[in-house]
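[1] can you look at this prediction? I've put the sequence above it.
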Amino acid sequence: MELNEFTQKLEIELKNNPKFAQYESAVEDKYGIKELRLKKHSNGFTAQLALSVALRVYEDADHNMETVIDTMLAAYDRQEKFTKNHVTLMAQLPYWNNVKDKIIPRLVNTEKMKDSLVAYPHIDLDIGISVTYSIIIDRYTAIVITKDKLKEWQISEALLHSTALVNLYMQDYSILSINEQMNDFLDKIEPNHKAELKLQNDDGTPSMYILGRTKDQPLGASEILNPAIMNEIRQKLGDFYILPSSIHEVIIVPKVPDYTPELLKSLIERSNRCVGTSEILSENVLAWDGSKLVTIL
């Protein structure tokens with residue numbers, strides 16, 4: 001279906017569907033991009049929703065317009081919630097006690113981020129990775145903490161580091177097998193899902209696991225800083241490799257003959273080509289030796 005034809009159908013829904021009764025709505029064309037503008041009567045919040053995305057939803061849902069409506073209204077709610085959270089947090093930023101519980105470690109590639117690290121409080125690990133710190137707003141957004149912010153808060157880097165680690169240790173995490181990842185995409189997996197850790201899948205192939213924070217939470221690679229998680233994995237899998245696939249998650253691989261360090265390094269290189277430079281964590285295969293992170297290759 002062409003976008004213009006879909007837009008005409010949607011405009012009919014805007015007039016007749018009771019779900020839009022609490023909104024002022026209009027289709028707009030900005031710089032050649034068609035958008036639906038929704039403004040809620042009760043609070044005046046306005047969101048713009050791309051109609052090209054709505055058309056894809058319509059086609060994927062077998063031309064079910066009700067699915068499109070629900071999807072668009074859910075997108076509106078997410079934008080509204082994000083904006084409220086952002087405004088609230090911006091007001092809290094000047095005050096350490098208001099934001100300290102939202103701070104977690106953010107791992108970055110030391111070499112690739114060396115210019116930015118000048119402005120950030122950080123700790124360089126001997127595996128080519130540095131620990132910086134972020135304030136989590138929601139699952140899409142995190143604010144990196146600068147040295148200027150520490151001066152404003154009048155706290156030390158040591159206090160910032162210990163606070164971020166305590167928050168990390170207290171928060172839940174998730175670990176999915178590669179085979180479970182598709183169910184995760186389909187929202188069939190609990191946010192804090194813990195896969196049964198084993199050396200092989202049911203079909204006899206060697207297993208792989210994705211470790212991160214709970215579902216949809218950013219900066220999940222920081223979980224490798226938690227010795228309790230690392231030792232729990234080691235207890236169940238024995239020696240294992242860590243593939244730093246991005247700053248948001250890592251891949252856990254049992255140390256078995258099928259997975260040589262050379263093969264795993266090639267997987268990391270391939271993964272790094274799929275993410276932005278600022279999200280590349282490392283080019284190296286890592287491991288946990290029982291007490292610390294080490295570089296294997």
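    Done, it's in. Numbers count the residues shown, from 1 in each chain.
[2] show me the domain layout of the protein.
    Under the assignment named as automatic domain parsing, the residue ranges that make up the domains of the chain are 3-92, 96-169, 172-295.
[3] okay, stretch 287-296 in CSV with CA atoms only?
    Coordinates of the C-alpha atoms in stretch 287-296 are reproduced here as CSV (Å, rounded to 0.1, in the frame of the first residue of the first chain):
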residue,chain,number,x,y,z
ALA,A,287,37.9,-13.9,30.6
TRP,A,288,37.3,-14.1,34.4
ASP,A,289,40.1,-15.9,36.3
GLY,A,290,38.2,-16.1,39.5
SER,A,291,39.2,-12.8,40.9
LYS,A,292,39.6,-10.3,38.0
LEU,A,293,39.0,-9.7,34.3
VAL,A,294,41.9,-10.6,32.0
THR,A,295,42.6,-10.3,28.3
ILE,A,296,43.0,-13.6,26.4
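[4] ok, residues contacting it?
    For stretch 287-296, the surrounding residues in contact (CB atoms under 8 Å, 6 or more residues apart in numbering) are 125, 127-128, 224, 227, 230-231, 233-234, 239-242, 255, 261, 284-286. (Each C-beta comes from the backbone N, C-alpha and C, glycine too.)
[5] mind listing what's buried along it?
    If you call a residue buried by 16 or more other CB atoms under 10 Å, then stretch 287-296 has these buried ones: 287-288, 293.
[6] equivalent analysis for stretch 258-267, please.
    The neighbour-count criterion (16+ other CB under 10 Å) identifies 259, 264-265, 267 as the buried residues of stretch 258-267.
[7] please apply the same query to stretch 163-172.
    Within stretch 163-172, the residues that count as buried by 16+ other CB under 10 Å are 163-165, 167-168, 171.
[8] for stretch 234-251, same thing?
    In terms of neighbour count (16+ other CB under 10 Å), stretch 234-251 has its buried residues at 234, 237, 240-251.
[9] out of these, which is nearest to residue 207?
    Among these, residue 237 lies closest to residue 207 (CB to CB), at 8.2 Å.
[10] quick check: that closest one touching residue 252?
    Yes. With contact defined as CB atoms under 8 Å, residue 237 and residue 252 form a contacting pair (7.4 Å).
[11] before we move on, the earlier item: narrow the buried residues of stretch 163-172 to those in helices?
    With helices identified by DSSP state H, the entries of the buried residues of stretch 163-172 that belong to them are 163-165, 167-168.
[12] of the residues you listed, closest to residue 43?
    Minimum distance to residue 43 across these is 31.8 Å, recorded for residue 167 (CB to CB).
[13] distance of that closest one from residue 104?
    Taken as CB to CB, to the nearest Å, the spacing of residue 167 relative to residue 104 amounts to 5 Å.
[14] go on, residue 207?
    27 Å.
[15] looking at these two, which one has more neighbours?
    A count of neighbours by other CB atoms under 10 Å puts residue 104 above the other of residue 207 and residue 104, at 25 against 21.
[16] does that one count as helix, strand or coil?
    When classified by DSSP: H, G, I helix; E, B strand; the rest coil, residue 104 comes out as strand.
[17] before we move on, what about residue 252?
    Assigned with three-state DSSP, residue 252 falls in the strand class.
[18] per-residue pLDDT of the nearest residue to it once chain neighbours are set aside, please?
    Closest residue to residue 252 in three dimensions, ignoring its sequence neighbours and counting by CB to CB, 6 or more residues apart in numbering: residue 209, at 4.2 Å. According to the model's per-residue confidence, residue 209 sits at a pLDDT of 91.
[19] now swap in the one 5 residues further on and tell me
    Taken from the predicted model, the pLDDT recorded for residue 214 is 79.
[20] what's the answer for residue 190, then?
    With respect to pLDDT, residue 190 has a value of 68.
[21] ditto for residue 41
    Among the per-residue scores, residue 41 holds a pLDDT of 87.
[22] let me see the contact set for it.
    The neighbours of residue 41, taking CB under 8 Å, 6+ apart as the test, are 22-24.
[23] what is the nearest of those to residue 10?
    Once CB to CB is applied, the member of the contacts of residue 41 that ends up nearest residue 10 is residue 23, at 13.2 Å.
[24] that closest one contacts residue 42, correct?
    No. Between residue 23 and residue 42 no contact is recorded; they are 9.6 Å apart, counting by CB under 8 Å.
[25] who's more crowded, those two?
    Here residue 23 and residue 42 are compared on neighbour count by other CB under 10 Å; more neighbours surround residue 23, at 20 against 7.
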